[in-house]
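K.L.:
here is a sequence together with a model predicted from it:
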There are 2 protein chains.
Amino acid sequence: MENENSTGIVERQQFTFAHDAPMQLDSGETLGPITLAYETYGRLDAARANAILICHALSGDAHAAGLTPDGKIGWWDDCIGPGKAFDTDKYFVVCSNVIGGCQGSTGPSSINPQTGKPYALGFPVITIADIVRAQRHLIDHLGIEKLLAVVGGSMGGMQALQWTVSYPDRVRAALPLATTARHSPMLIAFSEVGRQAIYADPNWRKGEYYDNGARPNTGLALARMIGHITYLSEASMHHKFGRRLEAREHFGYDFGTDFAVESYLHYKGNRFTERFDANSYLYITKAMDYFDLANGNGSLAHAFEKCASLMYLVVSFTSDWLYPPYHSKEMVSALTAIGADVTYCNLQSTWGHDAFLLEVETMTRLISDFLDRVVAQHGIGSR
Amino acid sequence: MENENSTGIVERQQFTFAHDAPMQLDSGETLGPITLAYETYGRLDAARANAILICHALSGDAHAAGLTPDGKIGWWDDCIGPGKAFDTDKYFVVCSNVIGGCQGSTGPSSINPQTGKPYALGFPVITIADIVRAQRHLIDHLGIEKLLAVVGGSMGGMQALQWTVSYPDRVRAALPLATTARHSPMLIAFSEVGRQAIYADPNWRKGEYYDNGARPNTGLALARMIGHITYLSEASMHHKFGRRLEAREHFGYDFGTDFAVESYLHYKGNRFTERFDANSYLYITKAMDYFDLANGNGSLAHAFEKCASLMYLVVSFTSDWLYPPYHSKEMVSALTAIGADVTYCNLQSTWGHDAFLLEVETMTRLISDFLDRVVAQHGIGSR
């Protein structure tokens, strides 16, 4: 299965920390021990200066590139690999599953060592800053003093921004893509209806479903269907589905599936339940809703005040109505005000929010040029 | 409670037809007898030439203006009354609840005379053309040969368009507002997740909940919450809620209600269950999804071919992402192509889809001028 453009078969690794001293969270609670699942692609150079941290979005995981031993391709494989935007011939790329997640990192489905049972809703509510705090332990563990760049789209972009604010001395550049510096009321609203769909599933049982045979898959699938609508655009839906019927020549005049777009949503919703935990969906959406770099008081420029020496590549997409371009523009204004080195591109795309996963060609040029500039600026020799 | 700008207290009326010969539906099924609940405001002139039919949107009903005997104000009272956009000193205004509805017209919660029990899912699947077909019987009953105008926003606009296509000889003008000539895949997608929320409620019981104590209110509330997000805009949500907390000074770090926008959605969702029937929600959204004036083949201009002598006022709103302005522009192109008299306004508004209920001042000018022109064109004397 390997070819020259692939990172090949990758094995998931795990790192556990905070055994003795649990990690302090924004809520005042603590969490420990904490395991992070992660993958790496490419090689760390001798100066340990070529590391790029990839942060995943709501439904992502540590498997960003290459193939799992059982053949599953990484969620951003188009952008990570030899000669790609994040060129693994040049860079050492790390991606870890967030805390609160369900793909190998500690989350609500993990065993609570205090009780010997899954945390369920006993898991503390976390924030984007907590997610980043845990990632910093992994970066320490990998012996990386300073990341060349932190990157992510959507919730991944929030983490990238948070990294620069929480640890400005540990990162040279950030690439927040299709994201925002504060979760908007519309984003909160969509999060909340997704959560309500899960709460409404009788199998959710206030989160205590792990010992039960039945899982709240109906609610989780519904939450995912709602999400999928928001990741597309009106134009991309016309392009993908239009009013095409699915497996019917005429309207059924019943409540079966008439339209291709309905069939797509059902499929995506159901598939999601095979790999995702409903409680993780609750925790991660809550972390996103809480995200506001300015902490509700004070300006964004104030939030970025220690980031003046950093470099940023901010990218938004014209048809992304979930994270509209003006959110990126606000961020760019604040970064410009504090004197950071900011490049901003509002890319023309009809793909909606999903564009950050799909506009590979344009992004490859943009990102590789930007990373070259970061390397040049800091006099880092590529291997 | 009466004042000079109000139509005062109005009583709901009912009209029943199709006792002997049931009405033929698009599906091939039949329905009868059929009751329509309706209200009227103003007086029909001697020539019976000043009648305007108002068509309601998904969650609306026949109570468009004035006050019910128990003090409930009509959903479009800002636009219907003496001196308002639809001036009841000049016009005789009629509004009826759609078939499939639950506010006095025959729908799934009505008693099926064949069984003596509520229809539930035994009610036939209806279309916008069926809704209009039933309305025509009411207009016949009221002795109105030709409507001065048919008007509606959102699903009401679909009915207005359908009227002109189904009965071009029975109407002089149409005012489709914030609507489309064919339901888009994004609209279908939002309809379907709303329906899925209802199906997922264990109290729905495949629609057989009328004899049961418990109704599928959780599912219906969730469907309504999803709908409410789509009726607003990103900008109006910022304006109304921002990231304001509700009844909390700090984040709760739990799964309670943190944000004002969440509280708003919960409230709107719960209130809706007090007045709406979940099965009606299914039938009406399905009718909307099926709506395509061009019937999936043939052009819009072809659909409008018998409408050349009609007058249209088409209105869209810049921030309406659910029924984006280009849908109206397509309709206007088709109407222009067939030589109809079309006025089109894309109104600047931040209120999203809800704008057709809120931009009263601008719309009042537009609508009353347009109606004056329709009257003048047809030499109809106002009383």
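P.N.:
Nice, thanks for sending it over.
K.L.:
could you measure the residue lying closest to residue A:21 once chain neighbours are set aside against residue A:18, distance?
P.N.:
Leaving aside its chain neighbours, residue A:21 sits nearest to residue A:32 (6.9 Å; criterion: CB to CB, 6 or more residues apart in numbering or on different chains). All C-beta atoms are positioned from the backbone trio N, CA, C, and that covers glycine. Here the distance between residue A:32 and residue A:18 works out to 3 Å (CB to CB, to the nearest Å).
K.L.:
please apply the same query to residue A:89.
P.N.:
Relative to residue A:18, residue A:89 is positioned 35 Å away (CB to CB).
K.L.:
the more surrounded of those two?
P.N.:
When residue A:89 is set against residue A:18 and neighbours are counted by other CB atoms under 10 Å in any protein chain shown, the residue ahead is residue A:18, at 17 against 12.
K.L.:
tell me the contacts of that one?
P.N.:
Residue A:18 makes contact with A:31, A:32, A:33, A:34, A:137 under the criterion CB atoms under 8 Å, 6 or more residues apart in numbering or on different chains.
K.L.:
please name the nearest non-neighbouring residue to the residue most central in space within chain A.
P.N.:
With distances taken as CA atoms, centre = their mean, the residue of chain A nearest its centroid is residue A:57 (1.9 Å). Computed as CB to CB, 6+ apart, the closest residue to residue A:57 that is not its neighbour in sequence is residue A:154, at 4.0 Å.
K.L.:
pLDDT wise, what is the one you found at?
P.N.:
Turning to residue A:154, the model gives it a pLDDT of 98.
K.L.:
count the neighbours of it for me.
P.N.:
A total of 28 residues lie near residue A:154 under the criterion other CB under 10 Å.
K.L.:
spit out the contact partners of it.
P.N.:
Counting by CB under 8 Å, 6+ apart, residue A:154 makes contact with A:57, A:58, A:177, A:178, A:179, A:323, A:353, A:356.
K.L.:
can you tell me how far the residue nearest to the centre of chain A is from residue B:115?
P.N.:
Distance of residue A:57 to residue B:115, computed by CB to CB: 51 Å.
K.L.:
could you list the low-pLDDT ranges of the stretch 51-200 of chain A?
P.N.:
Confidence mapping of the stretch 51-200 of chain A against pLDDT under 70 gives zero matching residues.
K.L.:
tell me where it has helices.
P.N.:
Applying DSSP state H, counting those that start in this stretch to the stretch 51-200 of chain A gives helices spanning A:128-141, A:155-166, A:185-199.
K.L.:
show me where the stretch 51-200 of chain A has its strands.
P.N.:
Assigned by DSSP state E, counting those that start in this stretch, the stretch 51-200 of chain A shows strands spanning A:51-55, A:80-81, A:86-87, A:92-96, A:111-112, A:117-118, A:147-153, A:171-177.
K.L.:
could I get those strands as TSV with mean neighbour count?
P.N.:
Formatted as TSV, the entries for the strands of the stretch 51-200 of chain A read as follows, by neighbours: other CB atoms under 10 Å in any protein chain shown:
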stretch	mean neighbour count
strand A:51-55	29
strand A:80-81	26
strand A:86-87	24
strand A:92-96	28
strand A:111-112	13
strand A:117-118	16
strand A:147-153	29
strand A:171-177	27
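K.L.:
those: which one's closest to residue B:286?
P.N.:
Residue B:286 lies closest, by CB to CB, to one member of those: strand A:147-153, at 35.4 Å.
K.L.:
please save the CA atoms from that closest one in PDB.
P.N.:
Taking C-alpha atoms only, strand A:147-153 is exported to PDB below (Å, rounded to 0.1, in the frame of the first residue of the first chain):
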ATOM      1  CA  LEU A 147       7.200  23.800  17.900                       C
ATOM      2  CA  LEU A 148       7.800  25.200  14.400                       C
ATOM      3  CA  ALA A 149       4.100  25.500  14.000                       C
ATOM      4  CA  VAL A 150       0.700  24.600  15.400                       C
ATOM      5  CA  VAL A 151      -2.000  24.000  12.900                       C
ATOM      6  CA  GLY A 152      -5.700  23.100  12.700                       C
ATOM      7  CA  GLY A 153      -9.000  23.700  11.100                       C
END
